[in-house]
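[1] only geometry, no sequence info:
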Ligand SMILES: N[C@@H](CCC[C@H](N)C(=O)O)C(=O)O
């Protein structure tokens, strides 16, 4: 479904990766219709469609497509691992390929469909430099001056990972918002709470910047796996249990690979009335 806004409305797709849910607009033909106001209105689960992130497919030169991400509060995000996997799956089907390349704010990424049907994306190398994450200058990302000794990792978006005794018994909404808005993070941050539950096996719960609690956060899962390895808790190939299921992370020479299921739930069209009300 290659869609552009028409007189009869704006077609979109609803997808999710482990319950991290997305509205996807295929704007390869026609103008990108998304504004912060449209993102907020569409993201409203009562008056709009509802999503954790909005993803917009645009044409690309030198890659199969370009992908932009928005949060439900109308802010932009530089990365979204689960939406990348879902849209890559859709584009592989569209193009009749079993791998695709895409451009995001952080550069070119690649995705492949595995023999078992799971979709893997290479999220690129983790960013550990304070200025690039970004973390306020003068702070060591590996030991931030916050209670719980968290570690900051960039995956094209900022993450702050706390290792806790039992991530299951923790409410991300109790601690997440204060960390998201802490002045240590000039662009705010996503916040992960993780515990080791077995050899190379982590449990993680997330508070996402611009969205709140979600059932899975792909880039957050990658950041958590990197942080666990840097802290000496795990190797570089780990399973991460999130609220919506399990993701497999493999930190290789060429980047951090994330693998899991994708779902394309339905296609629909925003009415001209909804679009005119913005
Ligand atoms: N759910 C995502 C991350 C979405 C972006 C994030 N909220 C941000 O603002 O950086 C994922 O799967 O990576």
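    Arrived safely, thanks for sending. A quick note: this is a predicted structure, and the numbers were derived from the prediction, not measured. Numbers count the residues shown, from 1 in each chain.
[2] Does the longest helix seen in the chain reach the ligand?
    Longest among the helix segments of the chain by residue count, using DSSP state H, is helix 81-95. Yes - shown here: helix 81-95 in contact with the ligand (Cβ under 6 Å from any ligand atom) through 81, 82. C-beta here means a position set from N, CA and C on the backbone, and glycine is covered the same way.
[3] and for that helix, what are the contacting residues?
    Contact with helix 81-95 is made by 2, 13, 15-18, 20, 22, 24, 53, 55, 57, 64-65, 67, 69, 98-100, 102, 104, 109, 111, 113, 119-121, 123, 155, 216-219, 221-222, 258, 260, 262-264, as judged by Cβ atoms under 8 Å, 6 or more residues apart in numbering.
[4] what is the rounded mean pLDDT of that helix?
    The predicted model assigns helix 81-95 a mean pLDDT of 98.
[5] and if you look at stretch 128-139?
    Stretch 128-139 shows a mean pLDDT of 97.
[6] Please apply the same query to stretch 229-244.
    Averaged across stretch 229-244, pLDDT comes to 98.
[7] which among the contacts of helix 81-95 end up buried?
    13, 15-18, 20, 22, 24, 53, 55, 57, 64-65, 67, 69, 100, 102, 104, 109, 111, 113, 119-121, 123, 155, 216-219, 221-222, 258, 260, 262, 264 (16 or more other Cβ atoms under 10 Å).
[8] Show me how far the helix or strand of the chain with the lowest mean pLDDT is from its chain's centre.
    Lowest by mean pLDDT, DSSP states H and E among the helices and strands of the chain is helix 272-276, with a mean of 94. Distance, stretch centre to chain centre, for helix 272-276: 28 Å (Cα atoms, centre = their mean, to the nearest Å).
[9] burial of residue 41, as a residue count?
    Residue neighbour count, defined by other Cβ atoms under 10 Å, stands at 18 for residue 41.
[10] low-confidence ranges in the stretch 151-278 of the chain?
    Low-confidence segments of the stretch 151-278 of the chain, defined by pLDDT under 70, are absent.
[11] Where does residue 28 sit: helix, strand or coil?
    The three-state assignment at residue 28 reads coil, by DSSP: H, G, I helix; E, B strand; the rest coil.
[12] For it, give its distance to the ligand.
    Noted for residue 28: a distance of 22 Å to the ligand, by Cβ to the nearest ligand atom, to the nearest Å.
[13] dump the residue contacts of the most centrally placed residue in the chain.
    By Cα atoms, centre = their mean, the mean C-alpha position of the chain lies nearest to residue 80, the distance being 2.4 Å. Residue 80 sits next to 22, 53, 55, 69, 157, 218, 219 when contact means Cβ under 8 Å, 6+ apart.
[14] Keep only those residues that also lie close to the ligand.
    Applying Cβ under 6 Å from any ligand atom to the contacts of residue 80, those adjacent to the ligand are 53, 69, 157, 218, 219.
[15] What helices and strands are in contact with the host helix or strand of the second one?
    Under DSSP states H and E, the secondary-structure element containing residue 69 is strand 65-71. Identification of packing neighbours for strand 65-71 by 3 or more Cβ pairs under 8 Å, 6 or more residues apart in numbering; DSSP states H and E yields helix 36-43, strand 53-58, strand 76-77, helix 81-95, strand 99-104.
[16] Pretty sure residue 79 sits in a strand.
    No - read with three-state DSSP, residue 79 is coil and lies in no strand.
[17] Next, give phi and psi for it.
    Torsion angles at residue 79 (phi, psi; degrees, to the nearest 10) stand at phi -150, psi 150.
[18] ok, the residue nearest to it when sequence neighbours are not counted - contacts?
    Using Cβ to Cβ, 6 or more residues apart in numbering and skipping the chain neighbours, the partner closest in space to residue 79 is residue 156 (3.3 Å). Residue 156 makes contacts with 78, 79, 104, 105, 106, 123, 124, 127, 219, as judged by Cβ under 8 Å, 6+ apart.
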